[in-house]
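S.K.: A structural model of the following input is requested.
(chains A and B)
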Amino acid sequence: DSGVTQTPKHLITATGQRVTLRCSPRSGDLSVYWYQQSLDQGLQFLIQYYNGEERAKGNILERFSAQQFPDLHSELNLSSLELGDSALYFCASSPTGQSTEAFFGQGTRLTVV
Amino acid sequence: SQQGEEDPQALSIQEGENATMNCSYKTSINNLQWYRQNSGRGLVHLILIRSNEREKHSGRLRVTLDTSKKSSSLLITASRAADTASYFCATDAGSSYKLIFGSGTRLLVRP
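M.R.: Residues are numbered from 1 along each chain as shown, chains lettered A, B, ... in the order given. Okay, here's the model as predicted:
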C-alpha cells in the first residue's frame, strides 16, 4: 500500500459527460502528479501541483482541469468526454516539489462509452 | 512525446536468467528513476540514481547511468517469475518539476 488513495477505482460514463477523479496523497506529501495511461500512449504526464499551486503542466487537454485543495487532496476534472479519453488515470505524490521518489495510487479506470 | 524510451519493448527470459533493460532520454537530468508496474496496477518505485552517480545497487537490481550517452540500464539478476511486470524509467527532464516516464519494457519471466 503506497498510502495514496484514488477514488473511484472504476468509472463508466457516456460521451459528452463530465467526471471528477479524486486523489488523497500520502500523509505529509506536498506534491501531487496526475498521469494518463492508455495502451497506445504509454504513461503521459498531465499536471503537477505543489502545496496548492500548479507547478508543471504536461500534455493536458483544455477539457481537463485539476486543482489541489488546502488539505492537499487533488481532483482531476474531465469534461466533454470522448471515447479516446478511456484510460487509467494515476495520481502520485511526493514529499517535495522536485522530482524524488513518487508514490502511486492504484489508479482510476475510466471507460467512456 | 516521451522523455525516455526503453529498449527492448518486450523481453522474455527463463527464471534464473538475468534481465537487462535500457532507457535513453533526451534532455539533461538531475536524476533518473526506475519503476515497476504489475498489470493494470499502480507503479512502484524501484531505485533512483542521481546524475553524478554512475552505478547503484539495490538487492538484485543494478542500475547504471551514462549521462554522456543519455542512457541508463536496469539489470535484474537471478530473475523470478514474480519479476514479471512492466518496467519504466522516469526522468525529471532537467530543471522542470515534471517526472516524465518512458514507454516501458514488458518483462516476462517463464518458470
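S.K.: how about the residues of chain A near chain B?
M.R.: For chain A, the contact set with chain B under C-beta under 8 Å from any C-beta of the partner chain comprises A:2, A:4, A:31, A:33, A:35, A:42-43, A:45, A:48, A:50, A:55-56, A:58, A:88, A:90, A:92, A:97-107, A:109. Every C-beta, even on glycine, is put in place using the N, C-alpha and C of the backbone.
S.K.: Now the spatially most central residue of chain A: closest residue in space, sequence neighbours ignored.
M.R.: Within chain A, one residue has its C-alpha closest to the average C-alpha position: by C-alpha atoms, centre = their mean, that is A:Trp34, at 3.3 Å. The spatially closest residue to A:Trp34, leaving aside those adjacent along the chain, is A:Leu46, at 4.3 Å (C-beta to C-beta, 6 or more residues apart in numbering or on different chains).
S.K.: Does the one you found touch A:Arg63 like I think?
M.R.: No: look at A:Leu46 against A:Arg63 with C-beta atoms under 8 Å: they stay out of range, at 11.7 Å.
S.K.: can you give me the strands in chain A?
M.R.: A:5-7, A:10-13, A:19-24, A:31-38, A:42-50, A:53-57, A:64-68, A:74-78, A:87-94, A:103-104, A:108-112 (DSSP state E).
S.K.: could those go into CSV alongside mean pLDDT?
M.R.: As requested, those are exported to CSV (pLDDT from 0 to 100):
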stretch, mean pLDDT
strand A:5-7, 97
strand A:10-13, 98
strand A:19-24, 98
strand A:31-38, 94
strand A:42-50, 91
strand A:53-57, 91
strand A:64-68, 97
strand A:74-78, 98
strand A:87-94, 96
strand A:103-104, 94
strand A:108-112, 97
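S.K.: Let's have those strands in TSV, adding distance to B:Asn52.
M.R.: As requested, those are arranged in TSV below (distance: least, C-beta to C-beta, whole Å):
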stretch	distance to B:Asn52
strand A:5-7	35
strand A:10-13	43
strand A:19-24	33
strand A:31-38	23
strand A:42-50	24
strand A:53-57	23
strand A:64-68	32
strand A:74-78	32
strand A:87-94	21
strand A:103-104	25
strand A:108-112	37
